[in-house]
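Novice: based on what follows, work out the 3D shape:
(one chain, ligands or ions: 2)
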Amino acid sequence: MPVNLLDFDAAGLTAFFAERGEKPFRARQVLRWLHRSGVGDFDAMTDIAKSLRETLKASATVTPPAIVADRLSEDGSRKFLFDVGAGNAVESVFIPEDDRGTLCISTQAGCALDCAFCSTGKQGFNRNLTTAEIIGQLWQVNRTLGADPKGDRIISNVVLMGMGEPLANLDNSLVALRLMLDDNAYGLSRRRVTVSTSGIVPAMDRLRDECPVALAVSLHAPDDALRDQLVPINQKYPLRELLAACRRYIERAPRDFITFEYVMLDGVNDSDAHARALLAIARQVPCKYNLIPFNPFPGSPFRRSPTPRIRRFVEILLEGGIVATTRKTRGDDIAAACGQLAGQVEDRTRRTGRRVIDIREAD
Ligand code: SAH
Ligand code: SF4
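Specialist: Ligands and ions are numbered 1, 2, ... in the order given. Next comes the predicted model:
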């Protein structure tokens with residue numbers, strides 16, 4: 001079986017070349033071709049000796065997941081659907097803004113954590129994505145978008161906030177993260193790469209030790225009773241442990257705060273008392289809050305908090321001296337907003353009893 005070179009970071013490629021009697025600088029050259037230049041064709045790697053190119057052709061491939069759909073939203077966000085085989089597909093969303101271009105990528109086909117308000121979670125879980133499938137989303141979208149007129153990359157920020165829980169697929173996510181940071185690959189600063197987690201405490205510690213990037217934590221409730229229901233992983237890692245892990249993370253994080261994500265669910269977690277409880281949490285962990293108006297999906301029992309309620313909630317946080325932003329809902333019309341990413345998942349958990357669910361891709 002040929003190996004897929006997109007599965008390797010610099011260390012992995014160096015080992016691959018060492019096994020073939022090649023020097024480490026070959027690994028660096030190939031890394032640059034692959035990720036800096038976005039070149040997947042060995043024949044185009046002109047500074048590599050022809051004989052080595054032939055060896056590579058015989059023993060390796062460059063195989064990203066194929067883009068099977070590419071849809072532009074009215075607000076400029078663009079959703080890419082990737083085929084990852086065996087009836088599974090995952091999504092990436094590109095979100096252009098004035099001062100940055102953010103790509104939101106997936107780390108699993110489905111998700112096993114089953115948060116109450118999440119469309120991905122409701123589809124069940126199939127498998128972890130490989131490193132090539134994770135970094136391959138960035139690779140493919142980079143190639144598709146090209147560069148801006150100054151020659152800069154259009155994707156300036158990456159967030160692991162698409163389908164799946166990155167910290168439940170940490171080994172593969174870590175290799176992909178290292179590629180994002182590597183100057184010979186994507187060269188992004190740690191502040192421009194964000195991992196979003198529902199709070200898997202031991203994996204947060206590993207991320208801190210091995211590749212600390214910006215961290216977003218899906219809080220969604222200020223107390224264990226409510227969080228147990230909304231984010232079931234809380235039953236395993238309750239708030240006290242989660243907040244302690246956040247404090248440990250900040251010691252190494254590239255920013256001096258954690259971003260807490262908080263989905264605004266009408267009548268569930270959006271009262272004045274909830275906002276005040278969030279202020280108490282902010283006294284324990286340096287943080288900012290990012291409020292996400294709930295994005296509905298078919299079959300979900302929740303409603304989005306009304307705009308005046310969200311405004312009041314933000315006000316209480318701001319009056320308490322805490323930075324709070326409300327996420328603009330993007331890509332609504334193409335179901336590309338947070339938690340609406342559905343892709344296509346062959347559920348192996350049999351939790352839902354459904355097999356293939358793809359309600360929106362068919363036009
Ligand atoms: N598994 C990770 C990352 C993917 S989810 C995590 O949970 O953090 C990315 C973000 O979207 C999380 O904050 C998640 O809670 C939020 N989200 C999920 N479903 C949503 C929905 N229907 N509306 C708004 N936000 C949602
Ligand atoms: Fe998984 Fe995140 Fe969705 Fe929860 S919110 S089910 S952790 S993808």
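Novice: the helix or strand that contains Trp139 near ligand 1 anywhere?
Specialist: With secondary structure defined by DSSP states H and E, Trp139 is part of helix 131-145. No: taking C-beta under 6 Å from any ligand atom as the criterion, helix 131-145 and ligand 1 are apart, separated by no less than 12.9 Å. All C-beta spots, glycine's among them, are computed from the backbone N, C-alpha and C.
Novice: buried set for that helix?
Specialist: For helix 131-145, burial by neighbour count (16 or more other C-beta atoms under 10 Å) applies to 131-142, 145.
Novice: and what of stretch 215-226?
Specialist: By 16+ other C-beta under 10 Å, the buried positions in stretch 215-226 come out as Leu215, Ala216, Val217, Ser218, Leu219, His220, Ala221, Pro222, Leu226.
Novice: now for those, which pair is the farthest apart?
Specialist: Pairwise distances among those were taken by C-beta to C-beta; the largest, 22.1 Å, belongs to Leu215 and Leu226.
Novice: contacts only, for the residue nearest to the spatial centre of the chain.
Specialist: Per C-alpha atoms, centre = their mean, the C-alpha nearest to the average position across the chain is that of Leu160, at 1.4 Å. Contacts for Leu160 were tallied using C-beta atoms under 8 Å, 6 or more residues apart in numbering; they are Ile105, Thr107, Pro166, Ser173, Leu177, Val193, Thr194, Val195, Ser196.
Novice: show the pLDDT at the residue lying farthest from the centre of the chain.
Specialist: Most distant residue from the mean C-alpha position of the chain: Ser51, 38.5 Å away (C-alpha atoms, centre = their mean). Among the per-residue scores, Ser51 holds a pLDDT of 93.
Novice: give me the mean pLDDT for the strand or helix carrying Asp228.
Specialist: Assigned by DSSP H and E, Asp228 belongs to helix 224-230. Averaging the model's pLDDT scores along helix 224-230 yields 98.
Novice: chain center to it, what's the gap?
Specialist: Helix 224-230 has its C-alpha centroid displaced from the chain centroid by 23 Å (C-alpha atoms, centre = their mean, to the nearest Å).
Novice: quick check, that helix touching ligand 1?
Specialist: No: interface with ligand 1: helix 224-230 contributes nothing (C-beta under 6 Å from any ligand atom), its closest point being 8.7 Å away.
Novice: other SSEs contacting the helix or strand just after that helix?
Specialist: Taking DSSP H and E as the definition, the helix or strand that follows helix 224-230 towards the C-terminus is helix 239-250. Identification of packing neighbours for helix 239-250 by 3 or more C-beta pairs under 8 Å, 6 or more residues apart in numbering; DSSP states H and E yields helix 201-210, strand 214-218, strand 258-264, helix 272-284.
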